[in-house]
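Trainee: Predicted structure and sequence below. I'll ask about it afterward.
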Amino acid sequence: MPVSCSAYGCKSKRTTLSKHRGITFHQFPKDPGLRKAWILASRRMDFKPSNNTVLCSEHFTEADFDRTGQTVRLRDGVIPSVFTSFPKHLKKKPVKIRSTRTSSRALEPIKDPVPAPKCPEPPKPSLSDHHYALDPNQIKKKISDAHARIEELERQLRNAKDRERRQKEALNSLLDDLDARGMISGEMQIQLLQESD
């Protein structure tokens, strides 16, 4: 039985003709994260590929392939991206530009909260009378860094409190709505309000 490409609307099958055309077939990856990315890229509803399910090379860009050996292989971490047989509504990828401060911070790389210890440098010979004297410029910089960090943490705390307040308002509104419809008892409403505080 010939192997067929599992992409929507793709008619490629593993035959001698497809082999002469240079079409190769690639199994879904075993890595769960990459496998899920392939499934999402396929955009097929309730699609669960088996270990023998394949996609043909028509659904990958030329840069996705490693052709250095005798067999054509996909590079590590490649996700299929070429689906010409999709209907128009599936071809469009929604692009939503993040504009809020919080969402743009989410895109920034995470800083390591615990920096790795640095190798100690040998002590420099002191030019002053007292080798234990502090450098005022370093102290000013540390103080200004500390103030900036405090302001950032205070802003994050305000945002967290605002989110909590909005969630409580949404919960109260939902409970009032359920109470008006007679779908929740008074005891349950009181219990939920106490647990949310």
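Mentor: Yep, it's here.
Trainee: where in the protein is pLDDT low?
Mentor: Within the chain, the ranges that satisfy pLDDT under 70 run 1-2, 86-99, 103-104, 106-133, 196-197.
Trainee: packing partners for the top helix by length along it?
Mentor: Secondary structure of the chain per DSSP state H: the longest helix is helix 136-181. Helix 136-181 is packed against helix 186-196, with contacts defined by 3 or more CB pairs under 8 Å, 6 or more residues apart in numbering; DSSP states H and E. Placement of C-beta: from N, CA and C, glycine included.
Trainee: List phi and psi for the spatially closest residue to residue 178 that is not a sequence neighbour.
Mentor: Of all residues not flanking residue 178 in the chain, residue 184 sits nearest, at 4.1 Å (CB to CB, 6 or more residues apart in numbering). When read as degrees, to the nearest 10, the backbone of residue 184 gives phi -140, psi 140.
Trainee: Kindly report the same for residue 55.
Mentor: Note on residue 55: backbone dihedrals following degrees, to the nearest 10 are phi -120, psi 140.
Trainee: Test my guess that it contacts residue 26.
Mentor: Yes - between residue 55 and residue 26 there is a contact under CB atoms under 8 Å: 5.8 Å.
Trainee: and residue 28, what is it in contact with?
Mentor: Residues counted as contacts of residue 28 (CB atoms under 8 Å, 6 or more residues apart in numbering) are 35, 38-39, 49, 51, 53-55.
Trainee: which ones among those are found in strands?
Mentor: 54-55 (DSSP state E).
Trainee: quick check: domain ranges of the protein?
Mentor: What the TED database lists as the domains of the chain is 1-95, 135-196.
Trainee: Just checking the distance from the last one to the centre of its chain.
Mentor: The reference is to domain 135-196. Centroid separation for domain 135-196 versus its chain: 24 Å, with CA atoms, centre = their mean, to the nearest Å.
Trainee: pretty sure residue 58 is touching residue 5, no?
Mentor: Yes - using CB under 8 Å, residue 58 is in contact with residue 5, at 7.4 Å.
Trainee: Spit out the residues that contact these two alike.
Mentor: What both residue 58 and residue 5 touch, as defined by CB under 8 Å, 6+ apart, is the set residue 12.
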